[in-house]
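K.L.:
okay, here's the prediction I keep looking at, along with the sequence it came from:
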Amino acid sequence: MTAPLRLRLDLAALADNWRSLARMSGRASCGAAIKANGYGLGAETVARRLADVGCRDFFVATWAEAERLAPLGLPNVSVLHGIRDEDMTLARAGVARPVLNTPAQMARWRECGGGACDVMVDTGINRLGIAPDSVVGLADGLRIETLMSHLACADEDHPLNAEQCAAFTALRGGTGAVRMSLANSAGIALGSAYHFDLTRPGLALYGGEPRHEFAGVIRQVVFPEAQILQRRTVRAGDTVGYNATWSARRDTEVAILNLGYADGYRRAFSNCGSAGSGKLPVIGRVSMDLLAIDVSMASDLVEGDWVTMDYALPAAAEASGVSQYELLTGLGRRFQRP
């Protein structure tokens, strides 16, 4: 059955974004974060396209995500959340490499003779990772492919960026790691000192712009499309939607779309979102499964037609006050994906 919602993906733009990020990464290899189902767009689809254009390093959050990608035969997949006891069977099967985040995980992997691994060092984000002053000793007996850390403030000019970079640089050569990796999407724009051997972009691959340096470089990838369920005339003075937040100043042609906040089109777009390149404004409150747009400028649109929502991530985030990351990963299951 065809869903009344679909995500149109510009896979050529996805490939171009990766190429642009690879160029910006200089001598470093450029990987791809495809966790959270490829940031909501479909991990298998995203991974295939990126592998086709040369990406060789992929990052997921959990072993369940890695297992779903196993049939693709991707060259290198790393599981960012490490290994629990419950993950050992799958991890030992070679589906992916664990990114070890705690002394207990490092001991667990060493004791089972698990082979190649990655290790996360906490240089200041105080999230996952080993303390820099203890990682060298804990690394004994491990085959570390990639030593990595994660920037806390790369999307802004913050002194912690340089502090983290210096702390990570000080570990060079101390753990026997084949490669070092620090930069996410925003970190790539901070310059060559942050690139090390491998970069790990996520948001920018999918059309997000975490820093101003990406404007004009990164292309939009995802285009949410919804079907018109009804076209109606709202008379002057009448209201649309819950709490009557929009009133018609004149007789207005309105289309009701099969899209709402249950699908990830956030309530924050009420009276400020749009479709059709700004020509069709969202009017009234976004409901759970429905929203209304003013189609007075589109006399040809009828019931059953498809409408493309304006969803360029930087502009959508500015309009809604919702982060680009949430707008992307929150796109719901009812969307038909390629």
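P.N.:
All right, it came through fine. Numbering: from 1, shown residues only.

K.L.:
list the contacts of the longest strand seen in the chain.
P.N.:
In the chain, with assignment by DSSP state E, the single longest strand is strand 222-234. Contacts to strand 222-234, defined as CB atoms under 8 Å, 6 or more residues apart in numbering, come from residues 4-10, 40-41, 206-207, 240, 248, 251-259, 265, 290, 295, 301-309, 311, 328, 331, 335. C-beta: built from backbone N, CA, C; applies to glycine.

K.L.:
same thing but 6 Å
P.N.:
Strand 222-234 is contacted from outside by 4-9, 41, 248, 251-252, 254-259, 303, 305-309, 311, using CB atoms under 6 Å, 6 or more residues apart in numbering.

K.L.:
can you check stretch 260-275 too?
P.N.:
Here stretch 260-275 makes contact (CB under 6 Å, 6+ apart) with 246, 259, 281-282, 285-291, 293, 307, 309-310, 319-322, 330-332, 334.

K.L.:
give me the buried subset of those.
P.N.:
Of all these considered here, the ones buried according to neighbour count by 16 or more other CB atoms under 10 Å are 246, 259, 281-282, 285-287, 289-291, 293, 307, 309-310, 319-320, 322, 330-332, 334.

K.L.:
how about the CA coordinates for the longest strand of the chain, as CSV?
P.N.:
Taking C-alpha atoms only, strand 222-234 is exported to CSV below (Å, rounded to 0.1, in the frame of the first residue of the first chain):
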residue,chain,number,x,y,z
VAL,A,222,15.7,15.4,2.3
PHE,A,223,12.4,16.7,1.0
PRO,A,224,9.2,15.6,3.0
GLU,A,225,6.2,15.3,0.8
ALA,A,226,2.6,15.0,1.9
GLN,A,227,-0.7,14.3,0.1
ILE,A,228,-3.6,16.7,0.1
LEU,A,229,-6.6,15.1,1.8
GLN,A,230,-9.0,18.0,1.2
ARG,A,231,-9.2,21.4,-0.4
ARG,A,232,-11.7,23.8,1.1
THR,A,233,-12.6,27.5,1.2
VAL,A,234,-12.3,29.2,4.6
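
K.L.:
per-residue confidence averaged over that strand?
P.N.:
Strand 222-234 comes out with an average pLDDT of 98.

K.L.:
enumerate the beta-bridge partners assigned to the nearest residue to Leu257 once chain neighbours are set aside.
P.N.:
Distances taken as CB to CB, 6 or more residues apart in numbering place Ala226 nearest to Leu257, at 4.2 Å, with adjacent residues excluded. Applying DSSP bridges to Ala226 gives these bridge partners: Leu5, Val307.

K.L.:
buried subset of the contacts of strand 222-234?
P.N.:
The neighbour-count test (16+ other CB under 10 Å) applied to the contacts of strand 222-234 identifies 4-7, 9, 41, 248, 252, 254-259, 307, 309, 311 as buried.
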